[in-house]
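> my questions concern the predicted model and sequence given below.
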Amino acid sequence: MRVWRWLHIISAVVAMAAMIIGVLGPQNMVEVWAGVARVCYIVLIVSAIPTIPHAWRANWPMAIVKIVAAIGLIGMCEVAFVHRLHGASPLQTLWMPLLFGVAVFALGLWLARGKHRGKKSAAK
């Protein structure tokens with residue numbers, strides 16, 4: 001379980017870094033960084049599947065909010081890449097997905113610290 005959580009956290013950080021670099025960097029590199037972010041999206045989705053039961057036991061309504069918000073964040077990042085490709089101001093394009101990404105990240109960390117940390121072995 002820890003491996004999936006760490007994989008999820010690391011890929012989220014890499015995806016946000018790719019989005020920031022892609023939006024703030026040179027315009028001819030936007031597609032490259034968008035590709036890196038898209039690979040991270042796949043890793044994020046795959047690594048989220050094993051962590052859902054833990055988050056669901058910790059707080060199922062917030063787990064639903066996290067899932068919907070994460071899907072929305074992927075959409076916001078894609079919109080930021082498209083706006084940057086069409087010449088929008090980098091800072092104007094960056095602020096919304098960045099703030100939303102921090103909120104989704106904080107919500108995920110909060111859910112990961114939940115009370116139900118798995119079954120403890122009674123017989124040792």
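Here it is on my side, so go on. None of the values given here were measured: they were computed from a predicted structure.

> show me where pLDDT drops low in the protein?
Applying pLDDT under 70 to the chain flags residues 114-124.

> could you pick out the longest helix of it?
In the chain, assigned by DSSP state H, the helix with the most residues is helix 52-85.

> next one: that helix to chain centre, how far?
With C-alpha atoms, centre = their mean, to the nearest Å as the basis, helix 52-85 stands 7 Å off its chain's centre.

> helices or strands next to that helix in the packing?
helix 2-24, helix 30-48, helix 90-112 (3 or more C-beta pairs under 8 Å, 6 or more residues apart in numbering; DSSP states H and E). For every residue, glycine as well, the C-beta is placed using N, CA and C.

> if I pick the nearest residue to residue 85 once chain neighbours are set aside, what's in contact with it?
In this structure, residue 85 finds its nearest non-sequential neighbour in residue 30, 5.3 Å apart by C-beta to C-beta, 6 or more residues apart in numbering. Taking C-beta atoms under 8 Å, 6 or more residues apart in numbering, we find residue 30 in contact with 22-23, 81, 84-85.

> now with 7 Å, please.
Counting by C-beta atoms under 7 Å, 6 or more residues apart in numbering, residue 30 makes contact with 22, 81, 84-85.
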